[in-house]
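Undergrad: sequence? don't have it. structure:
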(Lines give C-alpha, C1' and ligand atoms only; values in the text may rest on other atoms or scores of the structure.)
Protein backbone atom coordinates (compact mmCIF):
# COMPACT_ATOMS: atom_id res chain seq x y z
CA UNK A 1 0.00 0.00 0.00
CA UNK A 2 1.43 3.38 -1.00
CA UNK A 3 2.21 5.84 1.80
CA UNK A 4 1.66 8.85 -0.49
CA UNK A 5 -1.19 11.07 0.70
CA UNK A 6 -0.79 14.08 -1.62
CA UNK A 7 0.37 14.63 -5.20
CA UNK A 8 0.37 18.04 -6.90
CA UNK A 9 1.40 18.26 -10.57
CA UNK A 10 1.68 21.17 -13.02
CA UNK A 11 -0.43 23.46 -10.84
CA UNK A 12 -1.08 26.95 -12.23
CA UNK A 13 -3.19 29.66 -10.61
CA UNK A 14 -4.10 33.20 -11.68
CA UNK A 15 -5.97 35.95 -9.87
CA UNK A 16 -7.23 37.98 -12.80
CA UNK A 17 -4.20 38.63 -15.00
CA UNK A 18 -1.71 38.05 -12.17
CA UNK A 19 0.13 34.73 -12.13
CA UNK A 20 0.25 33.36 -8.57
CA UNK A 21 1.47 29.77 -9.02
CA UNK A 22 3.11 28.15 -12.03
CA UNK A 23 4.12 24.55 -12.70
CA UNK A 24 3.98 23.67 -9.00
CA UNK A 25 5.02 20.08 -8.25
CA UNK A 26 4.69 18.51 -4.81
CA UNK A 27 4.21 15.13 -3.18
CA UNK A 28 3.85 14.24 0.49
CA UNK A 29 4.03 10.84 2.13
CA UNK A 30 2.92 9.66 5.54
CA UNK A 31 5.48 10.87 8.10
CA UNK A 32 6.70 13.84 6.02
CA UNK A 33 6.95 17.16 7.87
CA UNK A 34 7.21 19.82 5.16
CA UNK A 35 7.46 23.57 5.74
CA UNK A 36 6.31 25.97 3.02
CA UNK A 37 8.24 29.27 2.92
CA UNK A 38 8.27 32.30 0.64
CA UNK A 39 7.69 36.04 0.56
CA UNK A 40 4.53 37.50 2.06
CA UNK A 41 1.78 37.43 -0.54
CA UNK A 42 3.62 34.99 -2.84
CA UNK A 43 0.81 32.41 -2.73
CA UNK A 44 1.52 30.04 0.18
CA UNK A 45 -1.99 30.21 1.61
CA UNK A 46 -3.41 30.01 -1.93
CA UNK A 47 -1.55 26.74 -2.45
CA UNK A 48 -2.96 25.41 0.82
CA UNK A 49 -6.49 26.37 -0.24
CA UNK A 50 -6.01 24.64 -3.61
CA UNK A 51 -4.92 21.45 -1.86
CA UNK A 52 -7.97 21.68 0.41
CA UNK A 53 -10.27 22.15 -2.58
CA UNK A 54 -11.34 25.62 -1.42
CA UNK A 55 -10.15 27.14 -4.72
CA UNK A 56 -9.70 25.86 -8.27
CA UNK A 57 -6.61 26.08 -10.47
CA UNK A 58 -6.39 26.98 -14.16
CA UNK A 59 -4.10 24.04 -14.91
CA UNK A 60 -2.67 21.01 -13.17
CA UNK A 61 -4.03 18.53 -10.68
CA UNK A 62 -4.24 17.97 -6.94
CA UNK A 63 -4.61 14.30 -6.03
CA UNK A 64 -5.50 13.23 -2.51
CA UNK A 65 -5.20 9.53 -1.69
CA UNK A 66 -8.62 7.87 -1.27
CA UNK A 67 -9.84 7.89 2.33
CA UNK A 68 -7.42 10.65 3.37
CA UNK A 69 -8.73 12.92 6.14
CA UNK A 70 -7.61 16.57 5.81
CA UNK A 71 -7.23 19.12 8.60
CA UNK A 72 -6.50 22.85 8.26
CA UNK A 73 -5.58 25.57 10.75
CA UNK A 74 -5.79 29.08 9.18
CA UNK A 75 -3.59 31.96 10.37
CA UNK A 76 -6.44 33.58 12.27
CA UNK A 77 -9.31 31.48 13.61
CA UNK A 78 -12.73 32.82 12.60
CA UNK A 79 -15.28 31.04 14.77
CA UNK A 80 -18.46 33.12 14.83
CA UNK A 81 -21.06 30.51 15.85
CA UNK A 82 -22.56 30.39 19.35
CA UNK A 83 -20.86 27.17 20.40
CA UNK A 84 -18.97 26.12 23.52
CA UNK A 85 -15.33 25.05 23.59
CA UNK A 86 -16.26 21.42 24.33
CA UNK A 87 -18.84 21.37 21.51
CA UNK A 88 -16.28 22.78 19.09
CA UNK A 89 -13.70 20.17 20.09
CA UNK A 90 -16.20 17.31 19.81
CA UNK A 91 -17.36 18.48 16.37
CA UNK A 92 -13.83 17.94 15.11
CA UNK A 93 -13.97 14.35 16.36
CA UNK A 94 -16.97 13.46 14.22
CA UNK A 95 -15.31 10.64 12.27
CA UNK A 96 -13.58 9.26 15.35
CA UNK A 97 -16.85 9.33 17.31
CA UNK A 98 -18.64 7.57 14.44
CA UNK A 99 -15.93 4.89 14.38
CA UNK A 100 -16.31 4.39 18.13
CA UNK A 101 -20.08 4.01 17.84
CA UNK A 102 -19.75 1.50 14.99
CA UNK A 103 -17.22 -0.55 16.95
CA UNK A 104 -19.67 -0.69 19.88
CA UNK A 105 -22.40 -1.88 17.53
CA UNK A 106 -20.12 -4.58 16.13
CA UNK A 107 -19.11 -5.69 19.63
CA UNK A 108 -22.79 -6.12 20.47
CA UNK A 109 -23.32 -8.03 17.21
CA UNK A 110 -20.38 -10.34 17.96
CA UNK A 111 -21.59 -10.90 21.53
CA UNK A 112 -24.92 -12.16 20.20
CA UNK A 113 -23.37 -14.34 17.47
CA UNK A 114 -24.89 -12.68 14.42
CA UNK A 115 -23.05 -12.68 11.03
CA UNK A 116 -19.76 -13.45 12.77
CA UNK A 117 -17.45 -13.62 9.75
CA UNK A 118 -18.54 -10.31 8.21
CA UNK A 119 -18.65 -8.63 11.62
CA UNK A 120 -15.16 -9.85 12.55
CA UNK A 121 -13.73 -8.63 9.23
CA UNK A 122 -15.28 -5.18 9.62
CA UNK A 123 -14.38 -4.99 13.31
CA UNK A 124 -10.72 -5.75 12.64
CA UNK A 125 -10.53 -3.16 9.88
CA UNK A 126 -12.28 -0.42 11.88
CA UNK A 127 -10.37 -1.23 15.06
CA UNK A 128 -7.07 -0.71 13.23
CA UNK A 129 -8.35 2.61 11.85
CA UNK A 130 -9.67 3.67 15.28
CA UNK A 131 -6.28 2.88 16.80
CA UNK A 132 -4.45 4.74 13.99
CA UNK A 133 -6.64 7.80 14.62
CA UNK A 134 -5.79 7.70 18.33
CA UNK A 135 -9.24 6.64 19.49
CA UNK A 136 -7.99 4.48 22.37
CA UNK A 137 -5.82 7.30 23.75
CA UNK A 138 -8.32 10.12 23.16
CA UNK A 139 -8.83 11.25 26.75
CA UNK A 140 -5.14 10.98 27.58
CA UNK A 141 -4.27 12.99 24.48
CA UNK A 142 -6.98 15.57 25.24
CA UNK A 143 -5.45 16.26 28.64
CA UNK A 144 -1.93 16.33 27.22
CA UNK A 145 -2.83 18.66 24.33
CA UNK A 146 -4.81 21.12 26.45
CA UNK A 147 -1.97 21.29 28.98
CA UNK A 148 0.68 21.67 26.30
CA UNK A 149 -1.14 24.49 24.50
CA UNK A 150 -1.92 26.36 27.73
CA UNK A 151 -5.69 25.83 27.56
CA UNK A 152 -6.36 24.23 30.95
CA UNK A 153 -7.67 27.50 32.37
CA UNK A 154 -10.48 27.70 29.80
CA UNK A 155 -13.89 26.44 30.98
CA UNK A 156 -15.12 23.83 28.45
CA UNK A 157 -18.59 25.41 28.66
CA UNK A 158 -17.25 28.84 27.72
CA UNK A 159 -18.47 30.21 24.35
CA UNK A 160 -15.73 30.11 21.73
CA UNK A 161 -16.77 33.60 20.56
CA UNK A 162 -15.70 35.02 23.94
CA UNK A 163 -12.10 33.83 23.54
CA UNK A 164 -9.25 36.07 22.41
CA UNK A 165 -7.85 35.62 18.90
CA UNK A 166 -4.87 33.71 20.25
CA UNK A 167 -7.05 31.45 22.40
CA UNK A 168 -9.32 30.67 19.43
CA UNK A 169 -6.30 29.68 17.35
CA UNK A 170 -4.97 27.42 20.11
CA UNK A 171 -8.39 25.80 20.61
CA UNK A 172 -8.55 25.21 16.85
CA UNK A 173 -5.08 23.65 16.93
CA UNK A 174 -6.06 21.44 19.87
CA UNK A 175 -9.12 20.18 17.98
CA UNK A 176 -7.00 19.28 14.96
CA UNK A 177 -4.32 17.51 16.99
CA UNK A 178 -7.01 15.44 18.69
CA UNK A 179 -8.54 14.62 15.32
CA UNK A 180 -5.07 13.55 13.99
CA UNK A 181 -5.92 13.89 10.26
CA UNK A 182 -3.89 12.06 7.60
CA UNK A 183 -2.75 15.40 6.15
CA UNK A 184 -2.57 18.29 8.60
CA UNK A 185 -2.01 21.77 7.12
CA UNK A 186 -1.00 24.45 9.64
CA UNK A 187 -0.74 28.13 8.66
CA UNK A 188 1.54 29.98 11.13
CA UNK A 189 0.82 27.64 14.08
CA UNK A 190 3.42 29.23 16.40
CA UNK A 191 2.18 32.83 16.37
CA UNK A 192 0.11 32.59 19.56
CA UNK A 193 2.30 30.26 21.61
CA UNK A 194 4.62 31.15 24.47
CA UNK A 195 7.99 29.46 25.04
CA UNK A 196 6.49 26.47 26.86
CA UNK A 197 3.80 26.02 24.21
CA UNK A 198 6.35 26.22 21.40
CA UNK A 199 8.61 23.61 22.94
CA UNK A 200 5.64 21.31 23.57
CA UNK A 201 4.28 21.67 20.02
CA UNK A 202 7.71 20.97 18.52
CA UNK A 203 8.00 17.73 20.48
CA UNK A 204 4.43 16.71 19.64
CA UNK A 205 4.77 17.30 15.91
CA UNK A 206 8.13 15.52 15.72
CA UNK A 207 6.27 12.33 16.64
CA UNK A 208 3.14 13.05 14.57
CA UNK A 209 2.46 9.82 12.64
CA UNK A 210 0.82 11.37 9.57
CA UNK A 211 1.79 13.99 6.94
CA UNK A 212 2.32 17.63 7.91
CA UNK A 213 2.40 20.71 5.68
CA UNK A 214 3.22 23.84 7.67
CA UNK A 215 3.45 27.49 6.68
CA UNK A 216 5.75 29.14 9.21
CA UNK A 217 8.73 31.46 9.44
CA UNK A 218 9.71 30.50 13.00
CA UNK A 219 13.28 29.48 12.29
CA UNK A 220 13.97 27.51 15.46
CA UNK A 221 10.65 25.69 15.02
CA UNK A 222 11.60 24.82 11.43
CA UNK A 223 14.99 23.58 12.61
CA UNK A 224 13.44 21.24 15.15
CA UNK A 225 10.44 19.95 13.19
CA UNK A 226 10.98 20.05 9.41
CA UNK A 227 12.18 17.15 7.28
CA UNK A 228 11.99 19.23 4.10
CA UNK A 229 11.47 22.88 3.12
CA UNK A 230 9.42 23.97 0.11
CA UNK A 231 10.52 27.40 -1.14
CA UNK A 232 7.88 29.17 -3.25
CA UNK A 233 9.63 31.66 -5.55
CA UNK A 234 8.14 35.11 -6.14
CA UNK A 235 10.00 35.19 -9.49
CA UNK A 236 9.25 31.80 -11.06
CA UNK A 237 6.10 31.11 -8.98
CA UNK A 238 7.27 27.49 -8.68
CA UNK A 239 8.43 25.35 -5.75
CA UNK A 240 12.00 24.29 -4.98
CA UNK A 241 12.41 21.46 -2.47
CA UNK A 242 15.27 21.45 0.05
CA UNK A 243 15.64 18.34 2.21
CA UNK A 244 16.45 18.72 5.90
CA UNK A 245 15.83 21.47 8.44
CA UNK A 246 16.42 25.24 8.40
CA UNK A 247 20.19 24.99 8.75
CA UNK A 248 20.27 22.52 5.85
CA UNK A 249 18.03 24.85 3.84
CA UNK A 250 20.36 27.81 4.37
CA UNK A 251 23.40 25.78 3.29
CA UNK A 252 21.66 24.33 0.21
CA UNK A 253 20.17 27.70 -0.74
CA UNK A 254 23.57 29.39 -0.50
CA UNK A 255 25.19 26.63 -2.58
CA UNK A 256 22.43 26.92 -5.20
CA UNK A 257 22.77 30.70 -5.21
CA UNK A 258 26.52 30.43 -5.81
CA UNK A 259 25.92 27.96 -8.65
CA UNK A 260 23.42 30.39 -10.19
CA UNK A 261 25.88 33.28 -9.87
CA UNK A 262 28.67 31.23 -11.47
CA UNK A 263 26.37 30.09 -14.30
CA UNK A 264 25.23 33.67 -14.91
CA UNK A 265 28.78 35.04 -15.09
CA UNK A 266 29.88 32.11 -17.26
CA UNK A 267 27.09 32.89 -19.71
CA UNK A 268 27.86 36.64 -19.70
CA UNK A 269 31.55 35.96 -20.33
CA UNK A 270 30.76 33.49 -23.12
CA UNK A 271 28.47 36.02 -24.82
CA UNK A 272 31.19 38.69 -24.58
CA UNK A 273 33.75 36.29 -26.05
CA UNK A 274 31.46 35.41 -28.98
CA UNK A 275 30.83 39.08 -29.76
CA UNK A 276 34.58 39.77 -29.64
CA UNK A 277 35.23 36.76 -31.88
CA UNK A 278 32.70 37.96 -34.47
CA UNK A 279 34.11 41.48 -34.39
CA UNK A 280 37.73 40.30 -34.58
CA UNK A 281 37.17 37.89 -37.46
CA UNK A 282 35.17 40.40 -39.47
CA UNK A 283 37.90 43.01 -38.90
CA UNK A 284 40.66 40.48 -39.73
CA UNK A 285 38.96 39.56 -43.00
CA UNK A 286 38.91 43.18 -44.10
CA UNK A 287 42.61 43.57 -43.19
CA UNK A 288 43.72 40.23 -44.67
CA UNK A 289 47.05 40.47 -46.55
CA UNK A 290 46.84 39.99 -50.29
CA UNK A 291 48.60 36.93 -51.75
CA UNK A 292 51.95 37.72 -53.40
CA UNK A 293 50.98 35.93 -56.58
CA UNK A 294 49.78 38.40 -59.21
CA UNK A 295 47.51 35.94 -60.88
CA UNK A 296 44.00 37.43 -60.52
CA UNK A 297 42.32 34.04 -60.50
CA UNK A 298 44.54 32.81 -57.67
CA UNK A 299 43.94 36.01 -55.68
CA UNK A 300 40.17 35.71 -56.18
CA UNK A 301 40.13 32.05 -55.11
CA UNK A 302 42.16 32.86 -52.00
CA UNK A 303 39.81 35.69 -51.01
CA UNK A 304 36.81 33.41 -51.52
CA UNK A 305 38.39 30.73 -49.32
CA UNK A 306 39.07 33.27 -46.54
CA UNK A 307 35.53 34.65 -46.86
CA UNK A 308 34.02 31.18 -46.62
CA UNK A 309 36.10 30.35 -43.56
CA UNK A 310 35.30 33.66 -41.84
CA UNK A 311 31.64 33.46 -42.80
CA UNK A 312 31.33 29.95 -41.39
CA UNK A 313 33.08 30.94 -38.16
CA UNK A 314 31.01 34.12 -37.75
CA UNK A 315 27.81 32.24 -38.54
CA UNK A 316 28.64 29.62 -35.91
CA UNK A 317 29.41 32.32 -33.34
CA UNK A 318 26.19 34.16 -34.21
CA UNK A 319 24.13 30.97 -33.81
CA UNK A 320 25.71 30.29 -30.42
CA UNK A 321 25.07 33.88 -29.36
CA UNK A 322 21.44 33.73 -30.47
CA UNK A 323 20.97 30.50 -28.53
CA UNK A 324 22.44 32.07 -25.39
CA UNK A 325 20.29 35.19 -25.85
CA UNK A 326 17.18 33.04 -26.17
CA UNK A 327 18.08 31.25 -22.93
CA UNK A 328 19.51 34.23 -21.07
CA UNK A 329 19.89 33.65 -17.33
CA UNK A 330 18.65 36.24 -14.86
CA UNK A 331 21.22 37.89 -12.64
CA UNK A 332 20.71 36.17 -9.24
CA UNK A 333 21.93 39.31 -7.49
CA UNK A 334 19.02 41.31 -8.91
CA UNK A 335 16.56 40.15 -6.25
CA UNK A 336 14.15 42.37 -4.38
CA UNK A 337 16.33 44.03 -1.74
CA UNK A 338 14.35 44.66 1.44
CA UNK A 339 15.89 47.33 3.64
CA UNK A 340 14.27 48.77 6.75
CA UNK A 341 16.19 52.03 6.69
CA UNK A 342 15.50 53.55 10.10
CA UNK A 343 16.59 57.18 10.38
CA UNK A 344 15.40 58.10 13.88
CA UNK A 345 15.53 61.50 15.49
CA UNK A 346 18.55 61.90 17.79
CA UNK A 347 17.91 60.38 21.22
CA UNK A 348 19.38 62.80 23.73
CA UNK A 349 18.49 60.96 26.94
CA UNK A 350 20.74 58.11 28.03
CA UNK A 351 17.83 56.56 29.98
CA UNK A 352 14.74 57.25 27.86
CA UNK A 353 12.38 54.98 29.87
CA UNK A 354 12.26 54.61 33.65
CA UNK A 355 9.76 52.36 35.44
CA UNK A 356 9.27 52.75 39.20
CA UNK A 357 7.02 50.32 41.11
CA UNK A 358 4.66 50.34 38.14
CA UNK A 359 1.42 48.41 38.53
CA UNK A 360 -1.63 47.87 36.33
CA UNK A 361 -5.01 46.37 37.20
CA UNK A 362 -7.99 45.59 35.03
CA UNK A 363 -10.85 45.23 37.50
CA UNK A 364 -9.83 42.55 39.98
CA UNK A 365 -7.02 41.27 37.78
CA UNK A 366 -3.49 42.44 38.56
CA UNK A 367 -1.56 42.34 35.26
CA UNK A 368 1.58 44.33 36.15
CA UNK A 369 2.59 43.96 39.79
CA UNK A 370 5.59 46.19 40.23
CA UNK A 371 9.30 46.15 39.64
CA UNK A 372 12.02 48.61 38.72
CA UNK A 373 13.47 48.82 35.23
CA UNK A 374 15.35 51.30 33.08
CA UNK A 375 15.64 51.16 29.29
CA UNK A 376 18.88 52.76 28.18
CA UNK A 377 19.98 54.25 24.88
CA UNK A 378 21.53 51.58 22.66
CA UNK A 379 19.79 48.70 24.45
CA UNK A 380 17.70 46.11 22.61
CA UNK A 381 15.52 44.51 25.26
CA UNK A 382 13.34 41.44 24.70
CA UNK A 383 10.18 41.43 26.82
CA UNK A 384 9.04 37.86 27.50
CA UNK A 385 6.20 36.27 29.47
CA UNK A 386 3.59 33.53 29.09
CA UNK A 387 0.48 34.33 27.06
CA UNK A 388 -1.62 36.85 28.98
CA UNK A 389 1.38 37.72 31.15
CA UNK A 390 1.21 41.50 30.58
CA UNK A 391 3.64 42.14 27.71
CA UNK A 392 1.24 44.17 25.57
CA UNK A 393 -0.01 46.03 28.65
CA UNK A 394 3.53 47.12 29.58
CA UNK A 395 4.24 48.28 26.02
CA UNK A 396 1.02 50.32 25.98
CA UNK A 397 1.88 51.88 29.34
CA UNK A 398 5.22 53.08 27.94
CA UNK A 399 3.57 54.19 24.68
CA UNK A 400 1.15 56.33 26.72
CA UNK A 401 -1.98 54.43 25.65
CA UNK A 402 -2.67 53.40 29.27
CA UNK A 403 -2.19 55.05 32.67
CA UNK A 404 -0.67 52.88 35.43
CA UNK A 405 -2.79 51.98 38.45
CA UNK A 406 0.20 52.72 40.68
CA UNK A 407 3.85 53.67 40.39
CA UNK A 408 5.23 55.66 37.48
CA UNK A 409 6.25 55.29 33.86
CA UNK A 410 8.65 58.04 32.80
CA UNK A 411 9.45 58.62 29.14
CA UNK A 412 12.15 61.26 29.01
CA UNK A 413 11.95 64.44 26.90
CA UNK A 414 13.38 63.87 23.42
CA UNK A 415 12.27 60.24 23.37
CA UNK A 416 9.72 59.67 20.60
CA UNK A 417 7.98 56.30 21.01
CA UNK A 418 6.95 54.28 17.99
CA UNK A 419 4.53 51.44 18.79
CA UNK A 420 4.10 48.42 16.51
CA UNK A 421 0.96 46.63 17.66
CA UNK A 422 0.63 42.86 17.35
CA UNK A 423 -2.30 42.65 14.95
CA UNK A 424 -2.32 45.84 12.87
CA UNK A 425 -5.65 46.81 14.45
CA UNK A 426 -4.50 50.42 14.76
CA UNK A 427 -5.20 50.71 11.02
CA UNK A 428 -8.78 51.06 9.81
CA UNK A 429 -9.65 48.58 7.06
CA UNK A 430 -11.04 51.32 4.82
CA UNK A 431 -7.89 53.49 5.06
CA UNK A 432 -5.85 54.00 1.90
CA UNK A 433 -2.27 52.81 2.38
CA UNK A 434 -0.64 56.09 1.38
CA UNK A 435 -3.12 57.94 3.61
CA UNK A 436 -1.89 55.87 6.58
CA UNK A 437 1.65 57.17 6.03
CA UNK A 438 0.53 60.72 5.30
CA UNK A 439 -1.36 60.80 8.60
CA UNK A 440 2.05 60.52 10.26
CA UNK A 441 3.89 62.97 8.00
CA UNK A 442 2.95 64.32 4.59
CA UNK A 443 5.27 63.40 1.76
CA UNK A 444 5.14 62.91 -2.00
CA UNK A 445 3.61 59.74 -3.44
CA UNK A 446 6.96 58.81 -5.04
CA UNK A 447 8.81 58.97 -1.71
CA UNK A 448 6.12 56.99 0.09
CA UNK A 449 6.02 54.34 -2.65
CA UNK A 450 9.81 54.02 -2.44
CA UNK A 451 9.54 53.54 1.33
CA UNK A 452 6.85 50.87 0.92
CA UNK A 453 8.88 49.08 -1.72
CA UNK A 454 12.02 49.04 0.43
CA UNK A 455 9.92 47.61 3.26
CA UNK A 456 9.03 44.66 1.05
CA UNK A 457 5.63 45.89 -0.06
CA UNK A 458 4.24 46.13 -3.57
CA UNK A 459 6.33 45.07 -6.53
CA UNK A 460 3.69 46.89 -8.60
CA UNK A 461 3.15 50.56 -7.77
CA UNK A 462 -0.60 50.43 -8.45
CA UNK A 463 -1.06 48.05 -5.52
CA UNK A 464 -0.46 50.98 -3.18
CA UNK A 465 -3.95 52.15 -4.17
CA UNK A 466 -5.30 49.34 -2.03
CA UNK A 467 -6.98 49.83 1.32
CA UNK A 468 -5.60 48.30 4.51
CA UNK A 469 -8.41 45.75 4.62
CA UNK A 470 -7.11 44.19 1.38
CA UNK A 471 -3.68 43.44 2.86
CA UNK A 472 -2.51 40.09 4.18
CA UNK A 473 -1.35 39.85 7.80
CA UNK A 474 2.28 39.92 6.65
CA UNK A 475 1.66 43.01 4.52
CA UNK A 476 -0.01 44.75 7.47
CA UNK A 477 3.06 44.01 9.55
CA UNK A 478 5.33 45.55 6.89
CA UNK A 479 3.06 48.60 6.69
CA UNK A 480 3.42 48.99 10.45
CA UNK A 481 7.22 48.90 10.14
CA UNK A 482 7.04 51.47 7.32
CA UNK A 483 5.06 53.73 9.68
CA UNK A 484 7.77 53.42 12.34
CA UNK A 485 10.43 54.41 9.81
CA UNK A 486 8.32 57.30 8.49
CA UNK A 487 7.70 58.63 12.02
CA UNK A 488 11.46 58.70 12.77
CA UNK A 489 10.74 57.22 16.21
CA UNK A 490 13.85 56.78 18.36
CA UNK A 491 12.19 54.53 20.96
CA UNK A 492 10.78 51.37 19.35
CA UNK A 493 8.06 49.47 21.21
CA UNK A 494 7.47 46.28 19.23
CA UNK A 495 4.72 43.74 19.97
CA UNK A 496 5.63 40.38 18.38
CA UNK A 497 7.49 42.09 15.51
CA UNK A 498 8.39 38.85 13.71
CA UNK A 499 4.83 37.48 13.50
CA UNK A 500 3.65 36.98 9.89
CA UNK A 501 6.93 38.17 8.32
CA UNK A 502 8.63 36.06 5.64
CA UNK A 503 12.24 34.91 6.07
CA UNK A 504 13.80 37.64 3.89
CA UNK A 505 11.91 40.31 5.81
CA UNK A 506 12.89 38.79 9.15
CA UNK A 507 16.56 38.86 8.23
CA UNK A 508 16.25 42.46 6.98
CA UNK A 509 14.46 43.55 10.17
CA UNK A 510 17.12 41.96 12.36
CA UNK A 511 19.90 43.70 10.41
CA UNK A 512 18.13 47.04 10.82
CA UNK A 513 17.49 46.62 14.55
CA UNK A 514 21.11 45.64 15.19
CA UNK A 515 22.12 49.03 13.74
CA UNK A 516 19.33 51.06 15.40
CA UNK A 517 20.93 53.89 17.42
CA UNK A 518 17.99 54.53 19.77
CA UNK A 519 16.38 52.12 22.26
CA UNK A 520 14.25 49.03 21.59
CA UNK A 521 11.78 47.09 23.74
CA UNK A 522 10.32 44.10 21.87
CA UNK A 523 7.70 41.71 23.24
CA UNK A 524 8.43 38.44 21.48
CA UNK A 525 8.35 34.65 21.64
CA UNK A 526 10.72 34.28 18.68
CA UNK A 527 13.72 32.54 20.24
CA UNK A 528 15.94 32.97 17.16
CA UNK A 529 15.16 36.71 17.14
CA UNK A 530 15.93 37.06 20.86
CA UNK A 531 19.25 35.23 20.60
CA UNK A 532 20.28 37.36 17.64
CA UNK A 533 19.30 40.91 18.66
CA UNK A 534 18.61 41.13 22.41
CA UNK A 535 21.20 42.70 24.70
CA UNK A 536 18.96 42.10 27.72
CA UNK A 537 15.73 40.32 28.66
CA UNK A 538 12.91 41.69 30.81
CA UNK A 539 10.88 38.70 31.99
CA UNK A 540 7.44 39.21 33.52
CA UNK A 541 6.95 36.69 36.34
CA UNK A 542 3.57 36.94 38.02
CA UNK A 543 3.43 40.51 36.73
CA UNK A 544 6.79 41.58 38.18
CA UNK A 545 9.68 42.66 35.95
CA UNK A 546 12.79 40.49 36.32
CA UNK A 547 15.97 41.48 34.46
CA UNK A 548 18.02 38.76 32.71
CA UNK A 549 20.70 38.43 30.06
CA UNK A 550 19.92 38.41 26.35
CA UNK A 551 19.09 34.79 25.54
CA UNK A 552 15.76 32.97 25.23
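TA: Done, it's in. Remember, it's a predicted structure, so these values are computed and weren't measured experimentally. Residues are numbered from 1 along each chain as shown.
Undergrad: domains of this protein?
TA: 1-68+183-235, 84-181, 262-326, 353-548 (automatic domain parsing).
Undergrad: which stretches of the stretch 451-552 of the chain have low pLDDT?
TA: 458-464, 550-552 (pLDDT under 70).
Undergrad: and the closest residue to residue 40 other than its chain neighbours, what are its phi and psi?
TA: Spatially, and ignoring its direct neighbours in sequence, residue 40 is nearest to residue 474 (3.1 Å; Cβ to Cβ, 6 or more residues apart in numbering). For every residue, glycine as well, the C-beta is placed using N, CA and C. The phi and psi torsions at residue 474 (degrees, to the nearest 10) take the values phi -70, psi -40.
Undergrad: count of neighbours near residue 474?
TA: 25 (other Cβ atoms under 10 Å).
Undergrad: how close does it get to residue 524?
TA: Computed as Cβ to Cβ, to the nearest Å, the residue 474 to residue 524 distance reads 16 Å.
Undergrad: try residue 324
TA: 48 Å.
Undergrad: which one's more surrounded, these two?
TA: Using other Cβ under 10 Å as the criterion, residue 324 and residue 524 rank with residue 524 on top: 21 against 15.
Undergrad: let me see the contact set for that one.
TA: Neighbouring residues of residue 524 by Cβ atoms under 8 Å, 6 or more residues apart in numbering: 382-384, 494, 496-498, 530.
Undergrad: in strands, which of these fall?
TA: 382-384, 494 (DSSP state E).
Undergrad: which two in those are spaced the farthest apart?
TA: Across the ones in strands among the contacts of residue 524, no pair lies farther apart than 384 and 494, at 12.7 Å, counting by Cβ to Cβ.
Undergrad: overlap in contacts, those two.
TA: Common neighbours of residue 384 and residue 494 (Cβ under 8 Å, 6+ apart) are 523-524.
Undergrad: so where do the helices sit in the stretch 301-450 of the chain?
TA: Taking DSSP state H, counting those that start in this stretch as the criterion, the stretch 301-450 of the chain carries its helices at 391-399, 433-438, 445-454.
Undergrad: neighbours of residue 19, just the number please.
TA: 14.
Undergrad: assess the claim that it and residue 237 are in contact.
TA: Yes: if you go by Cβ atoms under 8 Å, residue 19 and residue 237 touch, sitting 5.6 Å apart.
Undergrad: can you tell me which helix or strand of the chain has the lowest average pLDDT?
TA: Of all helical and strand segments in the chain, the minimum by mean pLDDT, DSSP states H and E falls on helix 296-326, at a mean of 69.
Undergrad: could you list the low-confidence segments of the protein?
TA: 1-2, 80, 114, 282-311, 333-336, 458-464, 550-552.
Undergrad: change it to 80
TA: 1-2, 76-81, 94, 113-115, 133, 281-314, 330-337, 423-425, 458-465, 549-552 (pLDDT under 80).
Undergrad: now the strands for the stretch 351-500 of the chain?
TA: For the stretch 351-500 of the chain, the strands defined by DSSP state E, counting those that start in this stretch occupy 353-362, 365-369, 373-375, 380-384, 406-411, 417-420, 491-495.
Undergrad: elements contacting the fifth one?
TA: Read that as strand 406-411. strand 353-362, helix 391-399 (3 or more Cβ pairs under 8 Å, 6 or more residues apart in numbering; DSSP states H and E).
Undergrad: what's it in contact with?
TA: Applying Cβ under 8 Å, 6+ apart, the external contacts of strand 406-411 come out as 352-359, 370, 397-398, 400, 417, 491.
Undergrad: okay, those in CSV with neighbour count next?
TA: As requested, the contacts of strand 406-411 are arranged in CSV below (neighbours: other Cβ atoms under 10 Å):
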residue, neighbour count
352, 26
353, 22
354, 17
355, 22
356, 15
357, 12
358, 23
359, 17
370, 16
397, 24
398, 23
400, 11
417, 21
491, 26
